[in-house]
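Colleague: Fold the following.
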Amino acid sequence: MMMNELERDAVLAEVTQRGYKLKYARDDMKADRGVVLAAVAQHGWALQYASEELRNDREVVLAAIAQRGSALKIASTDMWADRGVVLAAVTNDGSALQYASEQMKADRGVVLTAVAAVAYIGSALEHASTDMRADREVVMASVSRDGRTLQYASTDMRADREVVLAAVSNRGWVLKYASVAIQSDREVVLVAVDQHGDALEYASVTLRDDREVVLAAVTRSGNALQFASVQLRDDREVVLVAVTHNGRALKYASDELRSDREVVLTAVSDVALALEYASATLRNDREVVLTAITHDKFTWHYASDELRNDKWIRGYVSDVPNHNFKMLVKMYMKFVRFDNVYKEFMRPDNPRMAKYIEHIGDDDAERYLPPMPPYVEQILKKRKIQ
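Modeller: You can find the predicted model right below:
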């Protein structure tokens, strides 16, 4: 008798610290109410190791779901139909509704508690009855908490303007689940794209040709340009906004705008790899290419054949360490266009330039450079360009 008490005390001490250790206890310990209560209070899912009788014990089950709502899954089927138990479970974890009886899934109070749960994993609305998924108050409570749950609402609810507005306000992309009529509603679509630019994909054809709607979308996500109408992908202002927020959006611009120097410079300044989508003419433009490779040398591969074989470009992308040369590139990008001396020096056919290239890495390479204009020297010092 004394030995049994000592063994019980040892098991009790162990499961109080690590509830899952109930798994390794003897069957008589798994049927001991005090031991099991201690185990599930520490780890709700330890209920799975309790005896069948205790998995049907209301107090034990309540202790388990208080620690982890989803432990309702391993309670007895009688507990799935107990309103008090189910309410306690969904208050802790709304997704526990999936383990409740069909009667509980159709209980308005239970479902409202589940969808309003502060910390739930998954969607309670998904597991509610068909009637509850068509209940406006229930659906509004759910989508206001998490717009993603709109996908589980009834067809009528997905055609309800206020419901969809509540959903897209916090998850713009769920416009995908709205009815066709709502996807043509300008106000709803504006709210959606303002929250998630790529929601433009699910707007009606008419609204994807609406300049204000598309501008709102590309301001939020430049990538949304791909969903705009052909006409708006040829709109210079729209495309400039898009590439400012995501240079890769240049891919979706019209051929004409991929040949626009300002648009392309804006794009490669944001994402150097956007050079891939520039026109052939601009991939042969020294300033455009230098802007790109200054951010990412890999973009050298997208330059024209002529520039890939250009000594100046090759010198910059080479692995040879050359602090002076890189400084000169930066200086070129910022100042050379304003200084005739350096414009002349930067010409590929300039012998002095060729000489400098030849001596890259030498300590005296700078002697081949033309005198630095005083104003450039001052600006370089001020900006600490290195």
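
Colleague: these two touch, right, Gly94 and Val111?
Modeller: No: because the distance of 9.3 Å does not satisfy Cβ atoms under 8 Å, Gly94 is recorded as not touching Val111. Bear in mind the C-beta positions are built from the backbone N, C-alpha and C, glycine included.

Colleague: Name the residues contacting each of these two.
Modeller: Taking Cβ atoms under 8 Å, 6 or more residues apart in numbering as the contact criterion, the common neighbours of Gly94 and Val111 are Ala124.

Colleague: Give me the pLDDT for Asp296.
Modeller: Per-residue confidence (pLDDT) for Asp296: 81.

Colleague: Identify the residues contacting it.
Modeller: The neighbours of Asp296, taking Cβ under 8 Å, 6+ apart as the test, are Ala272, Leu273.

Colleague: Can you pull the phi/psi pair for it?
Modeller: Note on Asp296: its backbone torsions stand at phi -150, psi 110 [degrees, to the nearest 10].

Colleague: any idea how far it is from Asn223?
Modeller: In this view, Asp296 and Asn223 are 19 Å apart by Cβ to Cβ, to the nearest Å.

Colleague: List phi and psi for Asp210.
Modeller: Residue torsions, per degrees, to the nearest 10, at Asp210 are phi -90, psi 120.

Colleague: How many neighbouring residues does it have?
Modeller: Other residues lying near Asp210 total 20 when counted by other Cβ atoms under 10 Å.

Colleague: Was I right to think Val239 contacts Ala224?
Modeller: No: between Val239 and Ala224 no contact is recorded; they are 11.8 Å apart, counting by Cβ under 8 Å.

Colleague: Look up the closest residue to Val168, ignoring the ones flanking it.
Modeller: For Val168, the nearest residue in space outside its immediate sequence neighbours is Ala192; the separation is 4.0 Å by Cβ to Cβ, 6 or more residues apart in numbering.

Colleague: Give the full set of residues in contact with that neighbour.
Modeller: Going by Cβ under 8 Å, 6+ apart, Ala192 touches Val168, Gly172, Trp173, Val174, Leu175, Ala199, Tyr202, Ala203.

Colleague: So which of these are in helices?
Modeller: Using DSSP state H, the members of those that fall in helices are Val168.

Colleague: For the contacts of Ala192, work out which two are farthest apart.
Modeller: Farthest-apart pair in those is Val174 and Ala203; separation 12.8 Å (Cβ to Cβ).

Colleague: can you list the domains in the protein?
Modeller: 151-222, 230-305, 310-386 (automatic domain parsing).

Colleague: In space, what's closest to the most centrally placed residue in the chain - neighbours in sequence excluded?
Modeller: A centroid search over the chain (Cα atoms, centre = their mean) returns His196, at 10.3 Å, as the residue closest to the centre. Leaving out its chain neighbours, the residue that sits closest to His196 by Cβ to Cβ, 6+ apart is Gly172, at 2.9 Å.

Colleague: thought that neighbour was touching Val189?
Modeller: No: between Gly172 and Val189 there is no contact, the gap being 9.4 Å when judged by Cβ under 8 Å.

Colleague: where's the residue nearest to Val168 relative to Ala217, distance?
Modeller: The separation that Ala192 has from Ala217, given Cβ to Cβ, amounts to 9 Å.

Colleague: Give me the common contacts of the two.
Modeller: Common neighbours of Ala192 and Ala217, using Cβ under 8 Å, 6+ apart, are Ala199.

Colleague: circling back to that earlier point, for the strand or helix carrying the residue nearest to Val168, list every residue counted as buried.
Modeller: Using DSSP states H and E, Ala192 falls within helix 186-195. Neighbour-count burial for helix 186-195 flags Val188, Val189, Leu190, Val191, Ala192, Val193, Asp194, Gln195 (criterion: 16 or more other Cβ atoms under 10 Å).
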